Structures are given as structure tokens and as C-alpha cells.
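J.: got a sequence here, can you build the structure:
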Amino acid sequence: MKLINSTVAATILAIGSIAAGVAHAGTVIYNNSNPLSATVALGVNDNGSLNTTPNITTNASATGLAYNFGTAGWRDATAPGCLCEGWGVSVNNTASGYANVAGGTAGLTVGALSNVTTTSVTTSTSLSSLAGLSVTQAYAVSAATSALFQTTVTITNMTGAAVNDVKYVRVMDWDVPPTEFAEYVTIKGTATTTLLERSHNDGFDTSNPLVPTSGLNPATEDVDFTDVGAADHGAYFRFNFGTLEDGDSYTFSIFYGAAGNEADALAAIGAAGIELYSLGQSGIGGAPANGAPTFIFGFAGVGGTPQEPGEVPEPGSLALIGLALAGLCCARRRKQA
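T.: Residues are numbered from 1 along each chain as shown. Predicted structure coming up:
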């Protein structure tokens, strides 16, 4: 009971901070307006990276992407060990800014959090060396499924001139409970995502788009792979959005979430129309624990196509559809007769 009570207390503290509008470097949002009924939580820093406080988890020092394990409390899949989750932006192959608690933060001017509620938060940043290049990242529960948070990322160019090679990196170290440093990682959608420039399984890599990177396993570089592991690794993605004219913006989506098992995670990916994604799964028993919580990290609006089928009718609905079609056929035959 002590563990449960401490978790609830941390959750209530987080709610109080939001309600009172207390200034803080980061905030925790939930996939339910009542955090005590939530199943997924996301800890967002004011610079847009994950892994922040207040900490509601029982297995880490910060909250990144957490799942409610019931009596075992909230457990995190990005914050145990290394606080390695972050992002970066660059233009013209010369100016860059990036944010990552463990990997370093530089080149960004950070604004105040806005739209802070129990289920949403928006971060605003700009390049310190090119102030007219701004990035807003609006985190909220996905309209498609409550298993996912959808981050709407908007890169805006107000520099007075066109910028080229607009790149964005997102990287994370998976630490999936209860085998936090021995997880299985999947990446899918690399071949069909036209704006993807680089991908692999090194979640410890820099968030700076101008620094070359490589996978912890060379076989994971720029290709799809399934259930690589068990190891302490993650997912790295770098996109190139090309040229952005002065006054123009580019918007895409990032998804973070979790479901009770792999099938439900894939269903959530299909419901949201995700084009490129990574799964993190625990290595219980020396194999991916498909019946255990599965964590999700994905993208849409990056030049790809949905990787998983959307929702399909339930068996009962299929039977009703069949009966309806049969009725239409009979009616047509009667009309022809």
C-alpha cells in the first residue's frame, strides 16, 4: 500500500501544479481528464523534450512516457537509467538547435509553456542563431485513440528569406518495464516514408541534426526491423523537409503512447494512420512479451503511408453486413423477375 499511496500522491501533486498554474520547467499530461483514471502519461519539458518532473513513476527519476500498471503504479519506458529523449531542428546545414536532458541542449531560445491542461501542453522554441525560425510542439491526446498522445509539430520560417534542408530529429532510448534495459525494438515504415533521411536503433545518439549518426546494430540502419534485442537500445529518426519559403510553415505529427498488448498497440497505430513507427516491448522470458504493455513512438505527415490497417468491423457487424448484402441480392433478383 505504501507504493500505491506514494504514486497517487505524486499524481495529485501534478494535478495541483496544473490547476494552480504554478510555474515549472515541465509538466505531466494524461490521457484522461481525471489522472487517477488515466492509463498513459507524458512528461514534457518546456523545451519540448520528454523526461521531466513532477515524477509520477515508480521505476525512474523522471516522467517520460509512462503506463499505469495498476497496483504496481506508473512505470516509465524512456526515463529509467538515461534521460535520453529529445529533438532537434536545423536549416541550411549550418544553424541548429536541440534539446535532450542527457544528450545535451543547445542553440534554442525557449518560450513559456502554453495551453497547459491535464491533457495538453504546447512548447515554443526558436533557433538562437536564426530567431525567425520557430518550432511549436502541441502535445494532446489523439482524437483517434486515447492510447496515444499526438504532438502537432509546426516549423515556421519568418527569417526574411527561404531556408533549405529543413531537418528535424527525434530520438529516444527505450527502457521498457519490467525489463528496463533489455527490450525488443521494432521500426516499421522506413521504405515508404519519403521525407525520412536517417533511422536506426541508437536511442543514445545526439539530437543535433547536423551530426552524423549510426545504429548500435548496423543491420538497423535505414531499414525496417522487427523485435531486435533483447538489448538496451532505442529509436532514432531524422527527416528532411526540403526548402521552406519565408512566411511558410511545415506541420507534421509525432505520436507517443502505450497499450496493454501488441495487438492493441497495432490497432492504435492503425486508428491514427501512423506512417512510421517504433515499438518498445519488454524482454520477459527472453522473447518479446506480446501480452504485456507495448509502447509506441510514431509519425504522420512525413511523406509516408499508414503502416497498419485501420479499424475493421467486429464479427457481429460483419454478419449483419453479410445479411444486408444478401437481402439486397434477393431484392435485386425479385425486381429483375
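
J.: quick check, pLDDT for the closest residue to Gln150 other than its chain neighbours.
T.: Excluding the flanking residues, the one nearest Gln150 by C-beta to C-beta, 6 or more residues apart in numbering is Ser142, at 4.1 Å. Just so you know, the C-beta spots here come from the backbone N, C-alpha and C atoms, and that holds for glycine as well. On the pLDDT scale, Ser142 is placed at 98.

J.: Ser142: how many residues sit nearby?
T.: When neighbours are defined as other C-beta atoms under 10 Å, Ser142 has 20 of them.

J.: do you know how far it is from Thr192?
T.: Note on Ser142: its distance to Thr192, by C-beta to C-beta, to the nearest Å, is 21 Å.

J.: how about Thr118?
T.: According to C-beta to C-beta, Thr118 stands 36 Å off from Thr192.

J.: between these two, who's got more neighbours?
T.: Comparing Thr118 with Thr192 by other C-beta under 10 Å, the one with more neighbours is Thr118, at 20 against 15.

J.: doesn't the more buried one fall inside a helix?
T.: No. According to DSSP: H, G, I helix; E, B strand; the rest coil, Thr118 belongs to no helix; its state is coil.

J.: which SS state does the nearest residue to it once chain neighbours are set aside fall under?
T.: Leaving out its chain neighbours, the residue that sits closest to Thr118 by C-beta to C-beta, 6+ apart is Ser33, at 5.4 Å. Put simply, Ser33 is coil when judged by three-state DSSP.

J.: now do the helices in the protein.
T.: Assigned by DSSP state H, the chain shows helices spanning 2-20, 262-272, 315-336.

J.: who are the packing partners of the shortest one?
T.: Counting by 3 or more C-beta pairs under 8 Å, 6 or more residues apart in numbering; DSSP states H and E, the packing neighbours recorded for helix 262-272 are strand 148-157, strand 249-259, strand 276-282, strand 294-300.

J.: buried sites along the longest one?
T.: Within strand 249-259, the residues that count as buried by 16 or more other C-beta atoms under 10 Å are Tyr250, Phe252, Ser253, Ile254, Phe255, Tyr256, Gly257, Ala258, Ala259.

J.: one more: stretch 140-149?
T.: For stretch 140-149, a neighbour-count test (16+ other C-beta under 10 Å) marks Ala140, Val141, Ser142, Ala144, Thr145, Ser146, Ala147, Leu148, Phe149 as buried.

J.: equivalent analysis for stretch 118-136, please.
T.: 118-127, 130, 133-136.

J.: mean confidence score for it?
T.: Mean pLDDT, computed over stretch 118-136, is 97.

J.: now it, how far from the chain's geometric center?
T.: 17 Å (C-alpha atoms, centre = their mean, to the nearest Å).

J.: what's the answer for stretch 133-146, then?
T.: 10 Å.

J.: sorry, back to before: make CSV out of the helices and strands packed on helix 262-272 and add mean pLDDT and distance to Arg198.
T.: Shown next, in CSV, are the helices and strands packed on helix 262-272 (pLDDT from 0 to 100; distance: least, C-beta to C-beta, whole Å):
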stretch, mean pLDDT, distance to Arg198
strand 148-157, 98, 18
strand 249-259, 98, 16
strand 276-282, 96, 12
strand 294-300, 97, 13
